[in-house]
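J.: I would like the atomic coordinates for the input below:
(chains A and B)
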Amino acid sequence: MSELKPMIESRSASPQLESPQRRRFVGAAAAAAGIAIAPGMLLIEVAHGRPEDQPASSAVRWGMLVDSTKCATGCNECVTACSTENGWTPVAESKHPRQAPQWIRKLELQDPLTQMETSLPMMCQHCAEPPCVDVCPTGASFKRADGIVLVNRHTCIGCRYCMMACPYKARSLVHEPLNDTQKPDVPRGIGCVESCTFCVQKVDRGDGNTACAEACTAAGHNALLFGDMNDPESEISKRLRELPTKQVRADLNLNLGVRYHGI
Amino acid sequence: MASITFREVEGSSLKYWLLFGVLGLFVLFGALAWSTMHHHGHVITGMDNQIVWGLPHVFAVFLIVAASGALNVASIASVFNKPMYKPLAPLSAILSIALMLGGLLVLVLDLGRSDRLIVAMTHFNFKSMFTWNVFLYSGFFALVGVYLWTMLDRNVKSYSKAAGTAAFIWRLVLTTGTGSLFGFLVARELYGTAMLAPMFIIMSFAYGLAIYLMVLAAAYAWTGRPLGDAVMLRLKSLLVVFVAAVLYFVVVYHMTNLYFTKMHTVEAFILRDGGIFTQLFWIGQILIGGVIPLVILLSALGRQRAWIMIACALVIVGGMAQMYVTIIGAQAYPLDMFPGLVESSSFYDGEIHGYAPSMPELFLGLGGVAIALLVTTFAVKVLRLLPASLDDATVAKLEH
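T.: Residues are numbered from 1 along each chain as shown, chains lettered A, B, ... in the order given. Below is the predicted model:
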């Protein structure tokens, strides 16, 4: 029983602490702790982008501006960066190039009359009205609230109807068993269809940028700008207000997340 | 109206079991083809990220389209009250179920993840034509099954007309759905038109009837049962109408496209510059599948059974050519993302895409055909589907 004595003593002392001073002390301590933790919490929020238990928000519309006047012919930095970030084998290294997935590719255009040449990256255009989502029988193709078009790897049955429906040839089927280059946060699988995800893993981490745009900037071209098109103060929104841009196959009225300047 | 005796095929002869065995062998080859494709992935096929639907889809869509067409003979009997067609109806129903089964199996076994078939049956997106087709195909089995039951069971015979009408309407919707798989695609020039739905319906009439005629003639010849000219010539005339109608739709489809400047290059590809696709269109689809059968059937040759069979075979071959051109030809022509500009990329943009079907694809497709014929062969043995006689005298009594 002797061991219990100090506890009883402390209990007997407690009424003294249930005083206004104690409340003030607790309040001050909590405030101090709050002040100490809050910036950390804010930092975590920024770094993590979006907590896992919160859905993507339709207040955001992720989009990309491609300035083809700055896109260099022969430069493949965006493609290489995408392949590295997302773990797909570059087509040049593939044994089956016609069947190799290409999430992004460089497209060279030429006007046969004027000889004008244009170079630009082509990938999933993250349509607001995506035909791939319309035709997908299982709903595996879906558009997130923030405008990113994705494929659910668990429910894609590999019917390739989305590949038939996409006007941009943005999608690839994984034709063969995958090697070990897969990234832990970019699930892929044989027999499923895949395409550009706007580096959704980076977006959700809070990076606020895609691998291709980062690589383009690092290479000094600055042809790719990624950001929130719904935020009037974002860099992309400001540039889109100033620069004349077009949507590829605008006749289809799909309201694309990728806008091109110089086409 | 005179009654008709239906009798099972005895099915104990060496010839029967030989047929059964050969068909079974092709089913086995089909199964092996599927397991090989499933194990290695689509990398071993001729399909790639350019030609995403290949030979299996050609077989599958052909069989599904032909399935709904094969039901027509039954529909004429019960929906349009033509007594001469009544004895022909049970075979028509079973053949349509069998062809549908064969086509669907090829379709689902060509999926990138055929092991996830259950996902396709539990997750639905009702904006997808594929989802609608899942229900249309399942409903087809159920309705034609019930329809067949009303034909075979005297107790429910009075429901035959109702079941037949339901099945007839359903099959029209079904083929509309199959045509709309392509008609509802906005990306490719040769798709994205309401023409495809009625065109597929009329094609189903022709292909289904050609298959029906061949199966009917074979069944009667191999079992030694009498099959009179009255039946053959009546069905032959029907085939003439259907084949001519197919040609009409094909002409209107391409003429409309040719009127629009933006369609000129893709039409030139199919009609003039497309190599194998141009050959398959003109020689396969138009000549073999249309013109030659019409000449045979409308000339004096069309009164001879052997020539009717040849015409039917040509319609089927032409139908396969048509599916090849419709499905693969349209993909071989590159997407025109920047009209008027020349495109090039590591992803084969701006290039005509080549396609060489592989052995597994061919055998998967043939496996579907074999399943359809095997089911029919087995069904006529265990069910009373075929009249004991279809000679002219028996048939003539029906009409009075």
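J.: can you pull out the helices in the stretch 51-200 of chain A?
T.: Secondary structure of the stretch 51-200 of chain A (DSSP state H, counting those that start in this stretch): helices located at A:77-86, A:131-135, A:161-165, A:200-205.
J.: Convert the C-alpha atoms of the last one to CSV, please.
T.: Listed in CSV are the C-alpha atoms of helix A:200-205, where the atom choice follows Å, rounded to 0.1, in the frame of the first residue of the first chain:
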residue,chain,number,x,y,z
VAL,A,200,-1.2,12.4,-60.3
GLN,A,201,1.2,10.9,-57.7
LYS,A,202,3.2,14.2,-57.8
VAL,A,203,0.1,16.3,-57.8
ASP,A,204,-1.3,14.5,-54.7
ARG,A,205,2.0,14.8,-53.0
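J.: who touches that helix?
T.: A:47-50, A:62, A:85, A:144, A:146, A:148, A:150, A:183, A:185-186, A:209-211 (C-beta atoms under 8 Å, 6 or more residues apart in numbering or on different chains). Backbone N, C-alpha and C define where each C-beta goes, glycine included.
J.: Please pick the buried ones from those residues.
T.: Burial of the contacts of helix A:200-205 was assessed by neighbour count (16 or more other C-beta atoms under 10 Å in any protein chain shown); the buried members are A:49-50, A:62, A:85, A:144, A:146, A:148, A:150, A:186, A:209-211.
J.: Looking at those residues, which are in strands?
T.: Assigned to strands by DSSP state E, the following of the buried ones among the contacts of helix A:200-205 qualify: A:62, A:150.
J.: what comes up buried for the biggest strand by length in chain B?
T.: If you go by DSSP E, chain B has its longest strand at strand B:342-345. By 16+ other C-beta under 10 Å, the buried positions in strand B:342-345 come out as B:343, B:345.
J.: model confidence over stretch A:93-106, on average?
T.: Averaging the model's pLDDT scores along stretch A:93-106 yields 96.
J.: what about it and chain B, any contact?
T.: Yes - residues of stretch A:93-106 contacting chain B under C-beta under 8 Å from any C-beta of the partner chain: A:96-102, A:105-106.
J.: Can I get the buried part of those as one PyMOL selection?
T.: Command for PyMOL, covering only those of the residues of stretch A:93-106 next to chain B found buried under the criterion 16+ other C-beta under 10 Å:
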select buried, chain A and resi 97+98+99+100+101+102+105+106
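J.: The residues of stretch A:93-106 next to chain B in strands, which ones?
T.: A:105-106.
J.: I'd like to know which of the residues of stretch A:93-106 next to chain B is nearest to B:Leu247.
T.: Top of the list for closeness to B:Leu247, among the residues of stretch A:93-106 next to chain B and by C-beta to C-beta, is A:Arg98 at 35.3 Å.
J.: Excluding sequence neighbours, find me the nearest residue to the closest one.
T.: Once its chain neighbours are removed from consideration, A:Arg98 has its nearest residue in B:Asp48; the separation is 4.0 Å (C-beta to C-beta, 6 or more residues apart in numbering or on different chains).
J.: Am I right that the one you found sits in a strand?
T.: No - the assignment for B:Asp48 is coil, going by DSSP: H, G, I helix; E, B strand; the rest coil, so no strand is present there.
J.: Run through the residues that contact it.
T.: Listed by C-beta under 8 Å, 6+ apart, the contact set of B:Asp48 reads A:96, A:98-99, A:175, B:353.
J.: Could you do B:Thr165 as well?
T.: If a contact means C-beta under 8 Å, 6+ apart, then B:Thr165 has B:78-79 as its contacts.
J.: and it, what helix or strand is that in?
T.: Assessed by DSSP states H and E, B:Thr165 sits inside helix B:160-183.
J.: Equivalent analysis for A:Asn230, please.
T.: Applying DSSP H and E, one finds A:Asn230 in no helix or strand.
J.: Okay, strands next: where are they in chain B?
T.: Listed from the start of the chain, chain B has strands (DSSP E) covering B:6-7, B:342-345, B:386-387.
J.: Equivalent analysis for the stretch 1-150 of chain A, please.
T.: A:62-67, A:104-110, A:117-123, A:141-143, A:149-151 (DSSP state E, counting those that start in this stretch).
J.: Report all helices and strands that the second one contacts.
T.: With contacts defined as 3 or more C-beta pairs under 8 Å, 6 or more residues apart in numbering or on different chains; DSSP states H and E, strand A:104-110 has these neighbours: helix A:77-86, strand A:117-123, strand B:342-345.
J.: Pretty sure B:Gly290 sits against B:Ala321.
T.: No - using C-beta atoms under 8 Å, B:Gly290 makes no contact with B:Ala321, being 10.2 Å away.
J.: What residue spans form the domains of chain A?
T.: As assigned by automatic domain parsing, chain A contains the domains A:2-48, A:62-261.
J.: What distance do you get for the residue lying closest to B:Val252 once chain neighbours are set aside to B:Phe249?
T.: Residue nearest to B:Val252 in three dimensions, not counting chain neighbours: B:Met195, with 7.3 Å by C-beta to C-beta, 6+ apart. The spacing between B:Met195 and B:Phe249, counted by C-beta to C-beta, to the nearest Å, is 7 Å.
J.: hang on, the earlier thing: dump the strands of the stretch 1-150 of chain A to a markdown table, plus distance to B:Ile276.
T.: Putting the strands of the stretch 1-150 of chain A into a markdown table (distance: least, C-beta to C-beta, whole Å) gives the following:
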| stretch | distance to B:Ile276 |
| --- | --- |
| strand A:62-67 | 37 |
| strand A:104-110 | 27 |
| strand A:117-123 | 28 |
| strand A:141-143 | 32 |
| strand A:149-151 | 32 |
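J.: circling back: is it possible to get JSON lines of the helices and strands packed on strand A:104-110 that adds mean pLDDT and distance to B:Ala89?
T.: As requested, these are arranged in JSON lines below (pLDDT from 0 to 100; distance: least, C-beta to C-beta, whole Å):
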{"stretch": "helix A:77-86", "mean pLDDT": "97", "distance to B:Ala89": "57"}
{"stretch": "strand A:117-123", "mean pLDDT": "98", "distance to B:Ala89": "54"}
{"stretch": "strand B:342-345", "mean pLDDT": "97", "distance to B:Ala89": "54"}
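J.: Rebuild those as CSV, extending it with distance to B:Gly275.
T.: Output for those, formatted as CSV (distance: least, C-beta to C-beta, whole Å):
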stretch, distance to B:Gly275
helix A:77-86, 31
strand A:117-123, 27
strand B:342-345, 20
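J.: Could you check the pLDDT of residue 179?
T.: In the absence of a named chain, chain A is used. In this model, A:Asn179 is scored at 76, pLDDT.
J.: The intended chain is chain B.
T.: On the pLDDT scale, B:Gly179 is placed at 96.
J.: can you check the one 4 residues further on too?
T.: If you check B:Gly183, the pLDDT there is 95.
J.: Repeat that for B:Gly284.
T.: Note on B:Gly284: pLDDT of 98.
J.: who touches it in this structure?
T.: Under the criterion of C-beta under 8 Å, 6+ apart, the neighbours of B:Gly284 are B:317-318, B:320-322, B:324-325.
J.: want to throw those into TSV with pLDDT, distance to chain A and neighbour count?
T.: Below are the contacts of B:Gly284 laid out as TSV (pLDDT from 0 to 100; distance: C-beta to the nearest C-beta, whole Å; neighbours: other C-beta atoms under 10 Å in any protein chain shown):
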residue	pLDDT	distance to chain A	neighbour count
B:Val317	98	26	17
B:Gly318	98	24	28
B:Met320	98	20	20
B:Ala321	98	20	23
B:Gln322	98	18	27
B:Tyr324	98	16	24
B:Val325	98	16	24
